[in-house]
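Novice: What follows is a predicted structure for the sequence shown.
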Amino acid sequence: MPVYFIGIDVGTQGVRVVLTDETGQVRASAEAGFSLTEQSREEQSPLEWWNAGWRCLKSVLEIAKTTLDLRSVKSIAVTSTSGTVIPLDGQNEPLHNALMYSDNRSALEGKYCKTVAEKFHPEGYTGFNASSGLSKMVWFVTHFPEKTARLRTWIHAADYITGKLSGHFRATDYTNALKSGYDVNNDCWPAYLFEQLPLKKEWMQQVVPSGKPVGKLLPELANELGLMQITVVAGMTDGCASQVASGAVRPGDWNTTIGTTLVVKGVTLQELKDPEGRLYSHRHPEGYWMPGGASNTGADWVTAGFSDRLAELTQAAANLIPTPYVAYPLRQQGERFPFIAAQARGFAPEGLSDAELFTANMEGVAYLERYAYELIESLSGETVRAVFTAGGASNSDVWLTIRSNVLNRPVYKCAQVSGAVGAAILAASQTHFSTLTEAAQAMTHMEKEVKPSAELMRTYDSCYRKFVGLLREKGFIN
């Protein structure tokens, strides 16, 4: 008998809900946007998230019940933004709007948290900045002492929806807790958080592996939705959920998502330690590690300068590759991954036609991706076995061809890559399957595999060396 799973993804601009079967096929979906304001990058209403998510959830089940038995829906999971936190009172009501990951008001607190962590707990996560949950907690306690006096629990964005579904707000998962200061290696909230920072241990949640059951759907919600009291499981950050949906869940598997920026995430047997802080590691539900890093370079240059002629330029690029040109399409000053260089600026040869520049930029992003994977292999001592891909750039066959040949390995594109689908896989991972690996193998399907050719690889090897040489010549890398 078929079984079904629900995934909810609460993003910055809206919420998406999907219902999948045990093969990963999406059987119903719905989405809704939020009423964004100028302040939405700093604060958002968790209640608005819940109301929008509830509408989508009801819509999905209304669609689904026409073709399937809702009694076969088994579990539900939630994913949302990393670093977004909410202070709750004793009745589990928000004392304040959610402090968004993109809220920069806690920049000074981020620097302070980083300094304190490096001094008192260097073996744990120390990469705190304005986008970290810990920084926002310290900022809030400093600026809102009256609300702080009524504070009972700090939670993360995904935890709020999980709590509204199950009534259990005191649990979170490894991926969300990392940037709130949790030591995922030693499985504890380190003492420095309470001895050196103005936080209390009783405010912090229990931390469990993503996918672990934390409760049942509240009876009144189950009745209204026409569901059984399905299992609610611990969630995951949106970046990690998208990685799961891409199929990159086994040691040696890596995923590159190229949207506005280039984000690399993968799975290693051992924790990857990067002394320069370019990469940091989440904890995999099966005890492995999930390192990742995000560049300031990606595909934003496409939208900014080429979107009106995309089909024409893509066709031209197919006839131009490989080009002899070396470009780096960074649109802002400063790079953070796979190298850190505050002075970094994009570059390209002068006098190129639009088609040549478009093609060279695609190649430049691929060179940056290769540099990232070479860094990862050197730091981890483990082999990058497979590269999966997602994001807008993965829709370009020409760009996939460039990347495969620059990387010297096949690139795999999954059919359904989204945070909501990743959440549905997570929901199934310990309620129907035995592990996340087993769930992902059953519920993800390759849409495309692009393999390199010997001739293109040789040319791109030479161009890649020129790219690295230019980065070194400009002082971006040593």
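Specialist: That came through, no problem.

Novice: same for the longest helix along the chain, what does it pack against?
Specialist: As assigned by DSSP state H, the longest helix anywhere in the chain is helix 354-380. Using 3 or more CB pairs under 8 Å, 6 or more residues apart in numbering; DSSP states H and E, the elements in contact with helix 354-380 are strand 253-258, strand 262-266, strand 289-294, helix 310-320, helix 397-407, helix 454-473. C-beta coordinates here come from the backbone N, C-alpha and C atoms, glycine included.

Novice: Adding mean pLDDT, write these out as TSV.
Specialist: Formatted as TSV, these follow (pLDDT from 0 to 100):
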stretch	mean pLDDT
strand 253-258	93
strand 262-266	94
strand 289-294	94
helix 310-320	97
helix 397-407	97
helix 454-473	97
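
Novice: thinking again about what came up before, mind listing what's buried along the longest helix of the chain?
Specialist: 355-373, 375-376, 379-380 (16 or more other CB atoms under 10 Å).

Novice: Now do the following helix or strand past it: everything it contacts.
Specialist: Downstream of helix 354-380, the first helix or strand assigned by DSSP states H and E is strand 386-390. Residues outside strand 386-390 that contact it (CB atoms under 8 Å, 6 or more residues apart in numbering): 242, 245-248, 252-258, 373, 400, 403, 407, 409-414, 417.

Novice: can you check stretch 33-50 too?
Specialist: 10, 12-15, 52, 86, 94, 96-100, 102-105, 157, 160-161, 164.

Novice: can you list the weak-confidence ranges in the chain?
Specialist: In the prediction, the chain carries no residues with pLDDT under 70.

Novice: Break it down into its structural domains.
Specialist: Split into domains by automatic domain parsing, the chain comes to 4-238, 248-415+429-473.

Novice: Throw those into a markdown table and include distance to Gly422, thanks.
Specialist: Formatted as a markdown table, the domains of the chain follow (distance: least, CB to CB, whole Å):
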| stretch | distance to Gly422 |
| --- | --- |
| domain 4-238 | 6 |
| domain 248-415+429-473 | 9 |
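
Novice: Run a quick check on Thr323 versus Glu363, I expect a contact.
Specialist: Yes: contact criterion CB atoms under 8 Å: Thr323 and Glu363 qualify, at 6.4 Å.

Novice: who touches both of those two?
Specialist: With contacts taken as CB under 8 Å, 6+ apart, Thr323 and Glu363 have Cys463 as neighbours in common.

Novice: List phi and psi for the residue lying farthest from the centre of the chain.
Specialist: Distance from the C-alpha centroid of the chain, by CA atoms, centre = their mean, peaks at Gly351 (37.6 Å). Here is the backbone geometry of Gly351 (degrees, to the nearest 10): phi 80, psi 10.

Novice: What distance do you get for it to Tyr325?
Specialist: Relative to Tyr325, Gly351 is positioned 10 Å away (CB to CB, to the nearest Å).

Novice: cool, and Leu217?
Specialist: 56 Å.

Novice: more neighbours, these two?
Specialist: Leu217 (22 against 18; other CB atoms under 10 Å).

Novice: residues touching that one, list them.
Specialist: Leu217 touches Ile76, Leu165, Ser166, Leu225, Leu227, Met228, Gln229, Ile230, Thr231, Val232, counting by CB under 8 Å, 6+ apart.

Novice: What is the burial count for Glu202?
Specialist: 9.

Novice: give me the number of residues near the residue nearest to Leu151 when sequence neighbours are not counted?
Specialist: In space, Leu151 comes closest to Pro87 once its chain neighbours are excluded; the distance is 5.0 Å by CB to CB, 6 or more residues apart in numbering. Residues near Pro87, counting by other CB under 10 Å, number 24.

Novice: cool, the one 4 residues further on as well?
Specialist: Other residues within reach of Gln91, judged by other CB under 10 Å, total 7.

Novice: What of Lys65?
Specialist: Neighbours of Lys65 (other CB under 10 Å): 15.

Novice: What residues does it make contact with?
Specialist: Gly226.

Novice: Surely Ser75 touches Thr431?
Specialist: Yes: the criterion here is CB under 8 Å, and Ser75 meets it with Thr431 at 4.1 Å.

Novice: So which of those two has more stuff around it?
Specialist: When Ser75 and Thr431 are compared for neighbours, Ser75 comes out ahead with 25 against 21, by other CB under 10 Å.

Novice: tell me the SS of the more buried one?
Specialist: What DSSP: H, G, I helix; E, B strand; the rest coil gives for Ser75 is strand.

Novice: so who does it touch?
Specialist: Here Ser75 is in contact with Phe5, Ile6, Pro213, Ile230, Thr231, Val232, Val233, Ala427, Ala428, Thr431, His432 (CB under 8 Å, 6+ apart).

Novice: Mind doing that once more with 10 Å?
Specialist: Counting by CB atoms under 10 Å, 6 or more residues apart in numbering, Ser75 makes contact with 3-7, 211, 213, 216-217, 230-233, 424, 426-432.

Novice: same deal with Gly266?
Specialist: So Gly266 contacts 243, 248-256, 272, 279, 281, 288-293, 373, 376, 380, 382, 384-388 (CB under 10 Å, 6+ apart).

Novice: Narrow the residues you listed to those that are buried.
Specialist: 243, 248-251, 253-256, 272, 279, 281, 288-293, 373, 376, 380, 382, 384, 386-388.

Novice: The spatially closest residue to Lys58 that is not a sequence neighbour: neighbour count?
Specialist: Among residues not flanking Lys58 along the chain, Leu225 sits closest, at 6.6 Å (CB to CB, 6+ apart). Residues within reach of Leu225, counting by other CB under 10 Å, total 20.

Novice: hang on, the earlier thing: and the residue nearest to Leu151, that one's in a strand?
Specialist: Yes: membership of Pro87 in a strand is supported by three-state DSSP.

Novice: Run through the helices of the stretch 101-250 of the chain in chain order.
Specialist: Listed in chain order, the helices of the stretch 101-250 of the chain (DSSP state H, counting those that start in this stretch) span 107-120, 133-143, 145-148, 157-166, 174-177, 192-195, 219-225, 238-246.

Novice: what would the ones you listed look like in a markdown table with distance to Ala454?
Specialist: Compiled in a markdown table, the helices of the stretch 101-250 of the chain are given as follows (distance: least, CB to CB, whole Å):
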| stretch | distance to Ala454 |
| --- | --- |
| helix 107-120 | 46 |
| helix 133-143 | 47 |
| helix 145-148 | 63 |
| helix 157-166 | 45 |
| helix 174-177 | 40 |
| helix 192-195 | 53 |
| helix 219-225 | 56 |
| helix 238-246 | 27 |
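
Novice: Can you tell me which of these is most buried?
Specialist: Of those, the one with the most neighbours on average (mean count of other CB atoms under 10 Å) is helix 238-246, at a mean of 29.
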